[in-house]
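Novice: Any chance you could fold what I've pasted below:
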Amino acid sequence: MSTVFPNRILPYVLLAPSILLVLVFFIYPSAQSIELSLYLVNRVRDVKVYVGLENFQRLFESGAYLDSLKLTAIFTAIVVFSSLTISLALAVGASQPIKGFGVYRTMLIWTYALSPSVAGVIWALLTDPAIGIFTDILDHFGVVFNWRRGQTDALIFISMAATWKILGYNILFFLAGLKNIPHEVLEAAALDGAGAWRRFWRMVLPLLTPTILFLLIMNTLYAFFETFGLIDITTQGGPGRATEILIYRLYLDGFRSASRIGLASAQSILMLIIVAALTLIQYRFVSRRTFYQ
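Specialist: This next block holds a predicted model:
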């Protein structure tokens, strides 16, 4: 039996705010970026010259941009793999029915409430070459860590800070996924002689694949777009462009330069295409190993 909605106008009225937000904050800026990517723009002289696809050609011929693209790929791979692995291990530990673990779970999750900028400040203080606690510990073991001067150290630094920041978000979803796994199945496997490690790989991990797929996509988006504040407050792309990932390079070209707006718009279009392609690839390949029941 079909149900007829009594008011034909009300559904459109309820949808209107969401549609308006998408139009104003996504469709219109995207259309503007596509238009600007076809022009050579100078804000100081208020000049806009049509150049077609020349901005995209300049990007692919730029060694600095290609280095930034490579750096972003490395940074994203480190952050996604580290954050998913560490958060899953912590979530498994936090899901154990042990008295007092409620406080432990809360302490694991609180990092999600911090902004990337605050996370950057915390890690900058902890690993400061002069006064950092972690730096002092490494010094005792003969390890010199200076992210202000060393390019490799700087990449490790922002990777650690970005990973730490997203852990709370991942743990929330992993805890929810672990809670939905039937305990009867695990108990039956234990009675059949399956050890804890075997139960995890053969039963727990496959049942968590929907959560892993979702977090894989969300962590990739986070590494691409949401780490700008962390980098800007700490390394500002340095030293020697060692932490100048795509989102920060776009900012430098779009807001620090008066004549590179068209180039920055072209970068934003390419970033959108890259992230969309990565999301599609992740979904196509990972979803084949995903169990929803």
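
Novice: how close does residue 79 get to residue 152?
Specialist: Summarising the geometry, the distance separating residue 79 from residue 152, computed by C-beta to C-beta, to the nearest Å, is 16 Å. Every residue, glycine included, has its C-beta placed from N, CA and C.

Novice: Check residue 159 too.
Specialist: Separation of residue 159 from residue 152 (C-beta to C-beta) stands at 11 Å.

Novice: Those two: which is more packed in?
Specialist: Shown here are residue 159 and residue 152; by other C-beta atoms under 10 Å, residue 159 has more neighbours (21 against 10).

Novice: mind listing the strands for the stretch 1-150 of the chain?
Specialist: 39-42, 47-50 (DSSP state E, counting those that start in this stretch).

Novice: Pick the most deeply packed of those strands.
Specialist: Between the strands of the stretch 1-150 of the chain, the one whose residues have the most neighbours on average, counting mean count of other C-beta atoms under 10 Å, is strand 39-42 (a mean of 18).

Novice: Buried residues of the helix ranked longest in the chain, list them for me.
Specialist: With residue count as the measure and DSSP state H as the assignment, the chain has helix 63-94 as its longest helix. Neighbour counts over helix 63-94 (16 or more other C-beta atoms under 10 Å) mark 65, 68-69, 71-72, 75-76, 78-80, 82-84, 86-88, 90-92, 94 as buried.

Novice: average pLDDT for that helix?
Specialist: Across helix 63-94, the average pLDDT comes to 93.

Novice: where do the helices sit along the stretch 1-150 of the chain?
Specialist: 10-22, 28-36, 54-61, 63-94, 101-109, 116-126, 133-140 (DSSP state H, counting those that start in this stretch).

Novice: what stretches of the protein score poorly on pLDDT?
Specialist: Judged by pLDDT under 70, the chain has its weakly predicted residues at 1-5, 100-102, 192, 286-293.

Novice: Give the helix, strand or coil label for residue 242.
Specialist: coil (DSSP: H, G, I helix; E, B strand; the rest coil).
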